[in-house]
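In: model the structure of this input:
(chains A, B and C)
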Amino acid sequence: MPELPEVEVTRRGIAPHLEGRTIANTVVRHHGMRWPVPAGLARTLQGLTVRSVGRRGKYLLLECGAPVAASKPKAAKAQTAQAAEPGPDAAPAGWLILHLGMTGSLTIVGPDVAPGKHEHFDLTAGPATLRLNDPRRFGAVLWHAASEGPPEQHPLLAGLGVEPLTPAFTAELLFKATRGRKVSIKQALLAGDVVVGVGNIYASESLFRARIRPTTAAGRVSLARYQQLVPQIRAVLAEAIDKGGSTLRDFHANGQAGYFQLDYFAYDREGEPCKVCRTLIRRIVQGQRSTFYCPACQR
DNA sequence: CAATTTACCTGGGTGC
DNA sequence: TGCACCCAGGTAAATT
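Out: Next up is the predicted model:
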């Protein structure tokens, strides 16, 4: 499922259940994720507080650190005892890195909810248990200690492109980064080294909206066309996040936040009429992945 | 170097 | 009902 919008909706869904809570227990039922879940992870996390739930690309980053000694309300504490205790700004112990792969999803469950077949990982903090379900196990559960540097230096994060929903993502950047590249624009979007978070669905959708043929070499796409594309990528991702966010209050109850989809213009519509011009949508394969486009609208 | 292929896994759908 | 086969939203690692 998860492209950037699904991961972001998941982040928003789990954050209020975890932030500020101290980790009581961690259970690893299956170490065989994409990489082995670190042995001793439970011991590492035990007693740490989840300070924040962040995201970089499709990676979730739970910043964990020593708990704040006194548990007075933050505002009052900041006035009087700023330097006395390790506050939220104190150095973190590290980051729990989570990736959902192709089939991963996270839910919040209460105590005594029996784990299902593919529920490989639990993290209990306060009354909430964060539970990872991932049938295909392409996802990841990793630990990056603060002693190894900031999380952006982690090997999996170091080479990532810009966040598409920040001002750093511009047509000029996309244009410069793709000069000389012969790979198709669709595959360049997917690669993640220029911009992160655009997966197979939203690559097809944003190219449709920008009326760009997905097979065009990235290095031959003009600045003017990237100026069309960038706002469409932003829009399609933002719409998907909004749609997911609208079901967010169900996150705790049914745990299936992230299972939402826009009404696609191109994706998964092979042989169906284009919603703009009625020409039949085509499916092609690029880099072993399906691409959908309208041969009339996209040139 | 960049581009392409392979590999990691399970499950659902299709056609015989 | 069984079985072989194809396909699936990600992406690092190996190969060309």
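In: contact partners for the closest residue to DNA strand C within the stretch 1-150 of chain A?
Out: Nearest to DNA strand C in the stretch 1-150 of chain A, going by C-beta to the nearest atom of the strand, is A:Lys58, at a distance of 3.6 Å. In this view, the C-beta of every residue, glycine as well, is placed from N, C-alpha and C. Neighbouring residues of A:Lys58 by C-beta atoms under 8 Å, 6 or more residues apart in numbering: A:Pro2, A:Glu3, A:Leu4, A:Val7, A:His99, A:Leu100, A:Val196, A:Gly197, A:Gly199.
In: what's the local residue count around A:Leu61?
Out: Residues near A:Leu61, counting by other C-beta atoms under 10 Å, number 21.
In: whichever strand or helix holds it packs against which elements?
Out: If you go by DSSP states H and E, A:Leu61 is part of strand A:59-65. Judged by 3 or more C-beta pairs under 8 Å, 6 or more residues apart in numbering; DSSP states H and E, strand A:59-65 is in contact with helix A:4-18, strand A:49-56, strand A:94-99.
In: show me chain A divided up by domain.
Out: A:4-153, A:171-293 (automatic domain parsing).
In: what about whichever helix in chain A runs longest, near DNA strand C?
Out: In chain A, with assignment by DSSP state H, the single longest helix is helix A:223-245. No. On the criterion C-beta under 7 Å from any atom of the strand, helix A:223-245 is out of touch with DNA strand C, staying 9.0 Å away.
In: so A:Pro92 makes contact with A:Arg51?
Out: Yes. With contact defined as C-beta atoms under 8 Å, A:Pro92 counts as touching A:Arg51 (6.3 Å).
In: can you tell me how far A:Cys294 is from DNA strand B?
Out: Noted for A:Cys294: a distance of 23 Å to DNA strand B, by C-beta to the nearest atom of the strand, to the nearest Å.
In: show me the residues around the spatially closest residue to that residue that is not a sequence neighbour that make contact.
Out: Nearest residue to A:Cys294, sequence neighbours excluded (C-beta to C-beta, 6 or more residues apart in numbering): A:Cys274, at 4.2 Å. Applying C-beta under 8 Å, 6+ apart to A:Cys274 gives the contacts A:Phe265, A:Ala266, A:Leu280, A:Ile281, A:Cys294, A:Ala296, A:Cys297.
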